[in-house]
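K.L.:
Sequence first, predicted coordinates after that:
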Amino acid sequence: MSAPVRLRTPNPHLGVYYGIVTSAFASLVIALALFEQLGWSEARLALAMILLPIALYLVIAVGARTLDVVDFFVSGRRVPPVFNGFVLAAVTVGGTGFFAYAGTLYFFGFDALAIGLGWASGLLASMVLFAPYLRKAGAFTLPSFLGRRFGSRGLRVAASVLQIPPTALLLAAELKIAALVAAMFLSLSYGFVVVVVAGIVACIAGLGGMRSLTWSGSAQFIVAAVGFSVPLIIVSVLLTHLPAPQITYGELLSSLQTAEISAGISLAQPEQLATGLPNALPRASMKPFLQTFGAIGRIDFLALFFCLALGTAALPSLLARSGVTSSVSEQRWSCAWGTLLVALFVISAPALAVFVKHLLFQDIAQISNGSVPHWLAQLNASALAYGRDFDGDGIVNASELMIARDSVVLALPMAAQLPSIVTLLLAVAGLAIALAAAGAHLFTLASSLAEDIYRVADPHSAALPRLTIVWVALAAVALATAVFLAMADVDLLQAALTAFAFAAATFFPVLLLAIWWRDCTLPGALAAMGTGFAVMGLEVFFGGTFGAGHADFTTAIAALIGAGLAIVAGVATSLLFPKTKAEAGAYFDELRDPAGEAISDRPARQTEPASQ
């Protein structure tokens, strides 16, 4: 028998448990650092550094296993705000942000801030516009909320189908970067590792659903935060003598600018956004870090920012976490924590990019083909970067120093000539946050299949068959994604941008109308979702154009156009067709009542939560 929601309280010892997790991880790092000094090989260090934290995540997932429906889908609605904020931040940034965003900052400097600012602003918009109302509704998924709001099973199924492209793209991107990192340091084949990583993610999600993802995700966030901040602080102390990289990297900008000029970097001209974003292939840095709008123009910068902001606010994987807190107020606080943590990463990543660029460029003009320094030889050997005197003029200039976008983070400790354990620490941090994000995206897809498609067909299903469908869906989606990644090449940044664009065009307009406009009707909601999705579908199908003879549209601009047209279509269709049923209007009034309690919690005072 499940306890009523109002009797469910958070575990009072959570802080102690995760303090132990943090201490255990720190002890592991210190112990392996000592073993490195005693002569352990890099292979043995990598094996311990990568596998032991993964074992910890699995142990936490086993401890959080459950067959209770409310525990499985919304973690019992008793997750404290700070821990929900941990997972929200991890899912927002993910491995894509950890590696690709930092690398884009290295190449674009100021211009790349549109990405990070879009994520932080999107979480803030979600906190104000959407997340509290989804918590008040108590729906397990975004499609189920829309189905309840308009009293329509068809809309619920349609929303479940339309959320597949953005969620699947993000899942593929996160699984790929996690597999690449693990394969690089464990010296295993990428195809084998991607299947294993997908299996690990599916196992964590299947053991306890949202509950196991929440508590293992909190540990993964802690590992990612420690693994990212410690190397950054170490390098900050080495270069600026202060352990505050976010505020001290500015001291290096003047010397970096001088080094860039000496290396042959001159002012760049803005490119089209579709071709301006760096891909994963090694390339040279050809734009000064401080130059504003040198890689993309002002319009493209704003389009990228608003696309990511709207997409983050309406991302199904983030909104699925709206029901895990005990109240609407705590959901707002969890979004606030998530926004704060994402903002801290957004302002820390530029420091990492500046440190890497400063270390690589400070003496690049003095490097000849015959006297390659140790740090460059190490980068060459690891295939993270390469640089040599190709033209035979006796120096290595900026155009001859190539580095891959997703390798910039791992290049930091090598360029600073730090021990190998520091590089492994950054790798484990990126792997942890990628696993957390992949688990959220995988569970969003699988739970929607069970909740919004299977349950619509069989609304009186018992608990075990209902969870069985989720387990089958988890295994099927994970296997399909792994097979796809083994055969296809996915660029992290482009996949993430396309996914957020789909979410912005498809779900932001319908959520805005459903929550903030009482007269929005079922046909209007369908028109809004369909219009936004159709615009993005055309953009993807035609490779960024809407037909011969028309101007090219970037993914971000297409998302904004799609969102605008979707709102117009939703409003126009709602005005043309009859209003929603009386009960739907009453549901809206109850949803928006500022003094009312959460709709889902009311029946739980008298019945079991599983009756939802």
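P.N.:
Okay, I see it. Here the structure is a predicted model, which is why all the values come from computation and not from measurement.
K.L.:
Which residue ranges of the stretch 301-450 of the chain form strands?
P.N.:
For the stretch 301-450 of the chain, applying DSSP state E, counting those that start in this stretch gives strands covering 385-387, 401-403.
K.L.:
need the least confident one among the ones you listed, by mean pLDDT.
P.N.:
Ranked by mean pLDDT, the strands of the stretch 301-450 of the chain bottom out at strand 385-387, which scores a mean of 71.
K.L.:
State the helix or strand in which the residue nearest to residue 242 when sequence neighbours are not counted lies.
P.N.:
Distances taken as C-beta to C-beta, 6 or more residues apart in numbering put residue 248 closest to residue 242, at 4.8 Å, once the chain neighbours are dropped. Glycine gets a C-beta too; all of them are placed from N, C-alpha and C. Secondary structure assigned from DSSP states H and E places residue 248 in helix 245-248.
K.L.:
Could you pull up the residues touching the nearest residue to residue 84 once chain neighbours are set aside?
P.N.:
In space, and not counting its chain neighbours, residue 84 is closest to residue 334: 3.7 Å by C-beta to C-beta, 6+ apart. Contacts for residue 334 (C-beta atoms under 8 Å, 6 or more residues apart in numbering) come out as 79, 81-82, 84-85, 88, 321, 325.
K.L.:
Quick check: phi and psi at residue 283.
P.N.:
The phi/psi pair for residue 283 (degrees, to the nearest 10) reads phi -150, psi 170.
K.L.:
Count the neighbours of it for me.
P.N.:
For residue 283, the count of nearby residues is 15 (other C-beta atoms under 10 Å).
K.L.:
who does it bridge with?
P.N.:
residue 403 (DSSP bridges).
K.L.:
tell me which strands and helices the helix or strand just after the helix holding residue 248 is in contact with?
P.N.:
Once the chain leaves helix 245-248, the next helix or strand it forms, by DSSP H and E, is helix 253-262. If you count contacts as 3 or more C-beta pairs under 8 Å, 6 or more residues apart in numbering; DSSP states H and E, helix 253-262 packs onto helix 328-361.
K.L.:
now the helix it packs on against helix 253-262, angle please.
P.N.:
Angle of helix 328-361 versus helix 253-262, following axes from the mean of the first three to the mean of the last three C-alpha atoms, to 10 degrees, is 50 degrees.
K.L.:
Buried residues in helix 328-361, which are they?
P.N.:
328, 330-339, 341-361 (16 or more other C-beta atoms under 10 Å).
K.L.:
and what of stretch 528-542?
P.N.:
Neighbour counts using 16+ other C-beta under 10 Å place 528-539 of stretch 528-542 among the buried residues.
K.L.:
same check, this time on stretch 559-578
P.N.:
Buried residues in stretch 559-578, counting neighbours by 16+ other C-beta under 10 Å, are found at 559-563, 565-567, 569-571, 573-574.
K.L.:
May I see these organised as CSV, with pLDDT, distance to residue 505 and secondary structure added?
P.N.:
Below are the buried residues of stretch 559-578 laid out as CSV (pLDDT from 0 to 100; distance: C-beta to C-beta, whole Å; DSSP: H, G, I helix; E, B strand; the rest coil):
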residue, pLDDT, distance to residue 505, secondary structure
559, 94, 5, helix
560, 95, 8, helix
561, 94, 8, helix
562, 95, 3, helix
563, 96, 5, helix
565, 97, 8, helix
566, 97, 6, helix
567, 97, 10, helix
569, 96, 11, helix
570, 95, 12, helix
571, 95, 16, helix
573, 94, 16, helix
574, 92, 18, helix
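K.L.:
can you list those in CSV and add distance to residue 59?
P.N.:
Compiled in CSV, those are given as follows (distance: C-beta to C-beta, whole Å):
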residue, distance to residue 59
559, 40
560, 44
561, 48
562, 44
563, 43
565, 49
566, 44
567, 47
569, 49
570, 47
571, 51
573, 51
574, 51
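K.L.:
what helix or strand is the closest residue to residue 221 other than its chain neighbours on?
P.N.:
In this structure, residue 221 finds its nearest non-sequential neighbour in residue 86, 4.1 Å apart by C-beta to C-beta, 6+ apart. Residue 86 belongs to helix 81-95 when assigned by DSSP H and E.
K.L.:
which one of the contacts of residue 334 has the most neighbours?
P.N.:
residue 88 (31 neighbours).
K.L.:
mind checking how far it is from residue 467?
P.N.:
Noted for residue 88: a distance of 24 Å to residue 467, by C-beta to C-beta, to the nearest Å.
K.L.:
What score does the residue lying closest to residue 118 once chain neighbours are set aside have for pLDDT?
P.N.:
Spatial nearest neighbour of residue 118, excluding adjacent residues (C-beta to C-beta, 6+ apart): residue 308 at 2.8 Å. We note a pLDDT of 95 for residue 308 in this prediction.
K.L.:
circling back to that earlier point, identify the residues contacting the residue nearest to residue 242.
P.N.:
Residues near residue 248 by C-beta under 8 Å, 6+ apart: 236, 240, 242, 351.
K.L.:
try 6 Å
P.N.:
Neighbour list for residue 248: 236, 240, 242 [criterion: C-beta atoms under 6 Å, 6 or more residues apart in numbering].
K.L.:
so which of the residues you listed comes closest to residue 70?
P.N.:
residue 236 (44.7 Å; C-beta to C-beta).
K.L.:
from what I can see that closest one touches residue 245, true?
P.N.:
Yes - here residue 236 reaches residue 245: they are 3.8 Å apart, a contact under C-beta atoms under 6 Å.
K.L.:
thinking again about what came up before, and the buried residues of stretch 528-542 as TSV, adding distance to residue 197?
P.N.:
Shown next, in TSV, are those (distance: C-beta to C-beta, whole Å):
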residue	distance to residue 197
528	36
529	32
530	35
531	37
532	32
533	30
534	34
535	34
536	28
537	29
538	33
539	30
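K.L.:
quick one: which of those sit in strands?
P.N.:
Using DSSP state E, no member of those falls in strands.
K.L.:
remind me which residues of the stretch 401-550 of the chain are low pLDDT?
P.N.:
457-464, 543-550 (pLDDT under 70).
K.L.:
Tell me the most packed of the contacts of residue 248, by neighbour count.
P.N.:
Ranking the contacts of residue 248 using other C-beta under 10 Å puts residue 236 first, with 24 neighbours.
K.L.:
What separation is there between that residue and residue 124?
P.N.:
To residue 124, residue 236 is 28 Å away according to C-beta to C-beta.
K.L.:
Looks like residue 243 contacts residue 234 (just checking).
P.N.:
No - Residue 243 lies out of contact with residue 234 (C-beta under 6 Å); the separation is 8.4 Å.
K.L.:
So between these two, which is more surrounded?
P.N.:
Per other C-beta under 10 Å, whichever of residue 243 and residue 234 has more neighbours is residue 234, with 18 against 12.
K.L.:
quick one: the more buried one and residue 20, what's the gap?
P.N.:
Per C-beta to C-beta, residue 234 is found 24 Å from residue 20.
K.L.:
same check, this time on residue 565
P.N.:
From residue 565 across to residue 20, the span is 52 Å (C-beta to C-beta).
K.L.:
ditto for residue 478
P.N.:
Residue 478 is 30 Å from residue 20, where distance means C-beta to C-beta.
K.L.:
who's more crowded, the two?
P.N.:
residue 478 (26 against 11).
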